[in-house]
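1. Okay, predicted coordinates and the sequence, questions at the end:
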Amino acid sequence: MSNAFEFSDCAAYTQAGNFLPAGKAVFDVEYNTSPNCTQANQWHLNAQLTDLGLVGATSSGYIYTPCVPDSQATW
């Protein structure tokens, strides 16, 4: 999944009968809009903001801002 918050299509993954209610993992990668981390964490939706160029961690344009820190194992 990509850009669920930017395009307001999170419901496609969170409503009954879809991925999250079925216990499936959902990964949201945003490129232009920061995800609503409070909402994403409540849904247990793995959301992050990253750079559109997908450059490496040592590049000056690198952006990686996850809603759940990599050091955190659960919600």
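-> Noted; the coordinates are in hand.
2. got the buried residues for the longest helix seen in the chain?
-> The longest helix of the chain (DSSP state H) is helix 37-43. The neighbour-count check on helix 37-43 (16 or more other Cβ atoms under 10 Å) flags 37, 40-41, 43 as buried. Any C-beta I mention is one placed from the backbone N, CA and C, and that applies to glycine too.
3. nearest to A12, of those?
-> The closest of the buried residues of helix 37-43 to A12 turns out to be W43 (Cβ to Cβ; 12.2 Å).
4. part of a strand, is Q48?
-> Yes - assessed with DSSP: H, G, I helix; E, B strand; the rest coil, Q48 lies in a strand.
5. Name whatever forms a beta bridge with it.
-> With DSSP bridges as the criterion, Q48 is bridged to V29, P66.
6. isn't it right up against P35?
-> Yes - counting by Cβ atoms under 8 Å, Q48 sits close enough to P35 to count as a contact (7.1 Å).
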